[in-house]
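> the following block contains a protein sequence and its predicted model.
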Amino acid sequence: MQARMALFVRKQGLGAMVRRITIEVDLRAGLVTIPEGCPDPLRKQADVKGQRVLDLLTAARRERRRRAKTPTAVLGSWAQIEQDNS
């Protein structure tokens, strides 16, 4: 599976310069692969974001297996708000 992300490089004017990369996520092996072309100063940021994606997907799969009514791992507090409003 692939995940695309934007990595912060530096501030530029009123915005920011970002670098977009695509990482590989292996759910079965629990691994995230950062592309070789990713610059060294951005690798840690890419690794942290990649691990977050992996953790989120793993939690969502766990919930599906348990037949959860709402995907709280993915939606977090939004799921609780939806339940309260219904």
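Good, I have the coordinates.

> what's the mean pLDDT across the helix or strand harbouring residue 49?
Assigned by DSSP states H and E, residue 49 belongs to helix 40-65. Helix 40-65 carries an average pLDDT of 91.

> please tell me how far the residue most central in space within the chain sits from residue 67.
The residue lying closest to the centre of the chain (Cα atoms, centre = their mean) is residue 53, at 2.7 Å. Residue 53 sits 23 Å away from residue 67, going by Cβ to Cβ, to the nearest Å. Any C-beta I mention is one placed from the backbone N, CA and C, and that applies to glycine too.

> please apply the same query to residue 37.
41 Å.

> next one: residue 13
49 Å.

> same deal with residue 3?
With Cβ to Cβ as the criterion, residue 3 and residue 67 are 26 Å apart.

> how about residue 18?
Per Cβ to Cβ, residue 18 is found 38 Å from residue 67.

> do I have it right that the residue nearest to the centre of the chain meets residue 25?
Yes - between residue 53 and residue 25 there is a contact under Cβ atoms under 8 Å: 5.9 Å.

> next, show the common contact partners of those two.
Residues touching both residue 53 and residue 25 (Cβ atoms under 8 Å, 6 or more residues apart in numbering): 3, 32.

> have a look at residue 3 and residue 67 and say which one is more surrounded.
residue 3 (17 against 6; other Cβ atoms under 10 Å).

> name the nearest residue to that one, ignoring sequence neighbours.
residue 53 (4.8 Å; Cβ to Cβ, 6 or more residues apart in numbering).

> so who does that neighbour touch?
Applying Cβ under 8 Å, 6+ apart, we find residue 53 in contact with 3, 5, 23, 25, 32.

> fine by me, we can end here.
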